[in-house]
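> mind folding the following:
(one chain, ligands or ions: 1)
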Amino acid sequence: MYKSVPWVLLIGLIIFVSWFTVGQSSPQINQPDTSPPVVPREQLDQSPQMGSGESITFNKYNGVEPQQWGEQVSGVGYRLETQEKVLALTLDACGGSGLAAGYDKALIDYLDTKQIPATLFVTGNWIDANPEIFLKLAGNPLFQIANHGLNHRPASVNGRSAYNIQGTGNQAELIQEIAVNGEKIDALTGGRPRYYRSGTNFYDEIAISMAHDLGYVTVGYGVAGDAGATFSREQVKKTLLGARAGSIILMHFNHPEGQTAEGLMDAIPVLEQNGFKFVSLSAGPLLYYP
Ligand SMILES: [Zn+2]
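Reported below is the predicted structural model:
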């Protein structure tokens, strides 16, 4: 089954790019669209479906220069809107080679044993490097699979970079980064992800709007739990203990050589003693950067 996926993706991509190219040259939908590029907040959490070509008009962004660049960009969800002592754990798997393509089995096994839910943001590259592990994770109802981009690129419409990683260079590259990975996950699991977080979690606001048009809610974080899996065990623990009601915690499950798992295992019993519970990212409405 897995071997047939690249063909499905290729055909999907061809259809997608053809439609995109046709859309670009079609005089009918090439009217300038003066609607603001930023999606109204109330629309962001409605999980829109990707419909037929005419319902998504990327031409509306032609000639619109992005004004923002970073992690706290308009439309990025960063916290659960609640006063209850609940936390949402989100774990990224970023790379497809070397250390970045690893799998932190100790971390995942711990969550499984403790029945702690988590949202796993995976890149297409990481899936290719860990196909069997990916399918196993996707089949576990404790874990929700989310889209971390096909190639872990910062989400830009004009090629901006973050941490020396080249962002997507234009709309077509951004669409490929988001939609092709979503189709890949759909083909493997039978479900398209609801949430998107770009590689590096850097965005411009046009990219956020386009992700929304593609059917995604973009989710950042409130607590950087492991700083790209570079934190020591003590740093991880200390940072996690700073979480508050509704915090979205970002960590990584692709660096077993780091101390993320150890720090998390130290922190969770203390957080539980302090009355915190872990919930799915979809447990409640999100707060978004204005
Ligand atoms: Zn990442």
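
> how about the stretch 51-200 of the chain: which residue is closest to the ion?
residue 94 (3.3 Å; CB to the ion). C-beta coordinates here come from the backbone N, C-alpha and C atoms, glycine included.

> could you check the pLDDT of residue 57?
In this model, residue 57 is scored at 58, pLDDT.

> what's the neighbour count on the residue of the stretch 51-200 of the chain closest to the ion?
By other CB atoms under 10 Å, 24 other residues sit near residue 94.

> again, but for the one 3 residues further on
Counted with other CB under 10 Å, the burial measure for residue 97 works out to 10 neighbours.

> do the same with the one 10 residues further on
A total of 24 residues lie near residue 107 under the criterion other CB under 10 Å.

> doesn't it belong to a helix?
Yes. Judged by DSSP: H, G, I helix; E, B strand; the rest coil, residue 107 forms part of a helix.

> next up, the contacts around the residue nearest to it when sequence neighbours are not counted.
Distances taken as CB to CB, 6 or more residues apart in numbering place residue 261 nearest to residue 107, at 3.8 Å, with adjacent residues excluded. For residue 261, the contacting residues are 104, 106-107, 110, by CB atoms under 8 Å, 6 or more residues apart in numbering.

> can you rerun that using 6 Å?
Contacts of residue 261 were listed using CB atoms under 6 Å, 6 or more residues apart in numbering, and they are 104, 106-107.

> export those as JSON lines, with columns for pLDDT.
Below are the contacts of residue 261 laid out as JSON lines (pLDDT from 0 to 100):
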{"residue": "104", "pLDDT": "98"}
{"residue": "106", "pLDDT": "98"}
{"residue": "107", "pLDDT": "98"}
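
> which of those sits closest to residue 98?
residue 104 (14.9 Å; CB to CB).

> now do the same contact list for that closest one.
Residue 104 neighbours (CB under 6 Å, 6+ apart): 253, 256, 261.

> which SS state does the second one fall under?
Assigned by three-state DSSP, the conformation of residue 256 is coil.

> ramachandran angles for it?
Dihedral pair for residue 256: phi -60, psi -20, per degrees, to the nearest 10.

> which parts of the stretch 1-150 of the chain sit against the ion?
The interface of the stretch 1-150 of the chain toward the ion, taken as CB under 5 Å from the ion, is made up of 92, 94.

> pLDDT below threshold where in the stretch 1-150 of the chain?
1-57 (pLDDT under 70).

> helices of that one, start to end?
5-25, 41-44, 105-114, 124-129, 131-138 (DSSP state H, counting those that start in this stretch).

> what do you get for the stretch 151-290 of the chain?
Counting by DSSP H, counting those that start in this stretch, the helices of the stretch 151-290 of the chain are 171-175, 181-189, 205-213, 233-240, 260-273.

> out of these, deepest packed?
helix 205-213 (a mean of 25; mean count of other CB atoms under 10 Å).

> that one to helix 181-189, inter-axis angle?
Angle of helix 205-213 versus helix 181-189, following axes from the mean of the first three to the mean of the last three CA atoms, to 10 degrees, is 30 degrees.

> ok, residue 151 - contacts?
residue 125.

> from now on call the first residue 49
With the count now opening at 49, the last piece we talked about shows up as residue 199.

> quick check: the gap between it and residue 314.
34 Å (CB to CB, to the nearest Å).

> check residue 205 too.
Distance from residue 205 to residue 314, by CB to CB: 41 Å.

> first vs last residue of stretch 257-277, how far apart are they?
29 Å (CA to CA, to the nearest Å).
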